[in-house]
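Colleague: Prediction below, plus the sequence it came from.
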Amino acid sequence: MTRPTHTLLVAAAIAFAACGGADDNRGGDAPFRAALLTAGPVSDAGWYAGAYEGLLLLRDSLGAAVSHQQTRTPAEFDEAFFSYASSGYDLIFAHGFEYQDAAIRAGERFPETTFVVSGGGRVSANVVPLVFELEEGSYLAGMLAAGVSESGVVGMVGGVAIPPVEGTFRAFEAGARAVDPAVRILESFTGSWDDVGAAKEAAVAQLSRGADVLIHNVDAASFGVFQAVREARTAGRTAWALGMNRDQNDVAPDVIIGSAVIRIPDAFLEVAEAWRAGELGGRPIFAGQAEDVIDFVLNPALRGQVPPGLVAAIDAARDRIRSGSLTVPRVPFVEGEPGVQ
């Protein structure tokens, strides 16, 4: 992927989509039709919100006719793929690892439709995994976490232990230990992307064990992590949260000290342009810091809480990742990668 230009879309559009008013599925004179499937709400201010912003970017920048549907079960995955493909949609984005098997089935049935699976690992002529190398951002987040921690304990709260999520946590650990080899790292999975209460409970448990910096890899459940950290600060503790999947610094600007960011709209636009040029299919697309899709972004409002030397170390590590001189740990899961059958 070439370096894209980051485009921000207004939050009001996300709220509109959450109410079901976002679809524009009128074929008309649109050059192509694009659909988006998400397994959770696009009002999550994170993973799904970024995907919906990407869908709107295809509409506004390329003139695509677009539609979005939230699906929760494998049966709904199959039904939505069938509905969109049989209705003549050209490009279907399925935003999550869980869609990969259904996408392969749909790809076999609809060879003229291209299916793009965010975080997927299975490949065919018309099923394309879009692999966000988010571990490159979470490594830098780990450096920050260890560098600002006063207790020497940091925590990670995840939803479901799938390879892309585990990869971000392994990289977070590596980044933290690059700054403080003695740092203690806590990890827990709630089994849900959207259960705010379960995520808050897991965060509270880690805070009670001494963690004072928490990162998440969940979706709407991230609000529970942020609330737990806010309550700890209100009670007089020093504690910070880290955003993930999107720049979440403005979601809880009093507690989120930085975010590991995927610029999902930019990646969707690049994929759509590659599809229109006939260059998409048969291989995965990897998008990381070198493509300016992944980054770690400090919260400007809390930058004063980060020692200048730590900021410089993070910037230097970012440069080394971009140049290829620093390889960040990851969990391989894409067909054709070493160790993946």
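Modeller: That came in fine, so what should we check first?

Colleague: okay, CA-based contacts and neighbour counts for the rest of this
Modeller: Noted.

Colleague: Just want the most central residue of this structure.
Modeller: residue 245 (3.2 Å; Cα atoms, centre = their mean).

Colleague: next SSE after the helix or strand bottoming out on mean pLDDT in the chain?
Modeller: Within the chain, confidence by mean pLDDT, DSSP states H and E is lowest for helix 11-18 among all helices and strands, at a mean of 35. Later in the chain than helix 11-18, the nearest helix or strand by DSSP states H and E is strand 33-38.

Colleague: tell me which strands and helices that next one is in contact with?
Modeller: The contact analysis (3 or more Cα pairs under 8 Å, 6 or more residues apart in numbering; DSSP states H and E) places strand 33-38 against helix 47-62, strand 65-70, strand 91-95.

Colleague: Now with 6 Å, please.
Modeller: Here strand 33-38 touches strand 65-70, strand 91-95, going by 3 or more Cα pairs under 6 Å, 6 or more residues apart in numbering; DSSP states H and E.

Colleague: In CSV, list these along with mean pLDDT and distance to residue 339.
Modeller: As requested, the helices and strands packed on strand 33-38 are exported to CSV (pLDDT from 0 to 100; distance: least, Cα to Cα, whole Å):
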stretch, mean pLDDT, distance to residue 339
strand 65-70, 98, 33
strand 91-95, 98, 24
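
Colleague: so which of those is the most packed in?
Modeller: Burial of the helices and strands packed on strand 33-38 is given as mean neighbour count (mean count of other Cα atoms under 10 Å); strand 91-95 ranks first at a mean of 26.

Colleague: For it, which strands pair with it and how are they oriented?
Modeller: strand 33-38 (parallel), strand 114-118 (parallel) (DSSP bridges).

Colleague: Need the contact partners of the first one.
Modeller: Right, the one you point to is strand 33-38. Applying Cα atoms under 6 Å, 6 or more residues apart in numbering, the contact partners of strand 33-38 are 64-70, 89-95.

Colleague: ok, which pair from those residues is furthest apart?
Modeller: Across the contacts of strand 33-38, no pair lies farther apart than 64 and 70, at 19.5 Å, counting by Cα to Cα.

Colleague: Please, where are all the strands along the stretch 101-250 of the chain?
Modeller: 114-118, 127-132, 153-158, 184-189, 213-217, 240-245 (DSSP state E, counting those that start in this stretch).

Colleague: Can you show me the CA trace of the third one as CSV?
Modeller: Coordinates of each C-alpha in strand 153-158 appear next as CSV, following Å, rounded to 0.1, in the frame of the first residue of the first chain:
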residue,chain,number,x,y,z
VAL,A,153,2.7,-3.2,37.0
VAL,A,154,0.7,-2.7,33.8
GLY,A,155,-2.3,-4.6,32.5
MET,A,156,-4.0,-5.8,29.3
VAL,A,157,-7.8,-6.5,29.0
GLY,A,158,-8.9,-8.4,25.9
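
Colleague: Mind listing what's buried along that strand?
Modeller: By 16 or more other Cα atoms under 10 Å, the buried positions in strand 153-158 come out as 153-158.

Colleague: again, but for the fourth one
Modeller: Applying a neighbour-count criterion of 16+ other Cα under 10 Å, one finds 184-189 buried in strand 184-189.

Colleague: List just the nearest of these to residue 124.
Modeller: residue 189 (31.2 Å).

Colleague: contacting residues for that closest one?
Modeller: 157-159.

Colleague: how about low-confidence regions in this protein?
Modeller: Across the chain, residues meeting the criterion (pLDDT under 70) sit at 1-29.

Colleague: Which residue ranges of it form helices?
Modeller: Per DSSP state H, the chain carries helices over the ranges 11-18, 47-62, 74-86, 100-109, 135-148, 163-179, 196-208, 222-234, 264-276, 308-323.

Colleague: Would you mind finding the most buried of these?
Modeller: helix 135-148 (a mean of 29).

Colleague: And the contacts of that one?
Modeller: For helix 135-148, the external contacting residues (Cα under 6 Å, 6+ apart) are 168, 171-172, 175-176, 179, 213, 260, 295-296.

Colleague: For residue 235, see how far away residue 170 is.
Modeller: From residue 170 across to residue 235, the span is 31 Å (Cα to Cα, to the nearest Å).

Colleague: thinking again about what came up before, distance to residue 51 for the contacts of residue 189 - can I get that in a markdown table?
Modeller: Shown next, in a markdown table, are the contacts of residue 189 (distance: Cα to Cα, whole Å):
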| residue | distance to residue 51 |
| --- | --- |
| 157 | 22 |
| 158 | 19 |
| 159 | 18 |
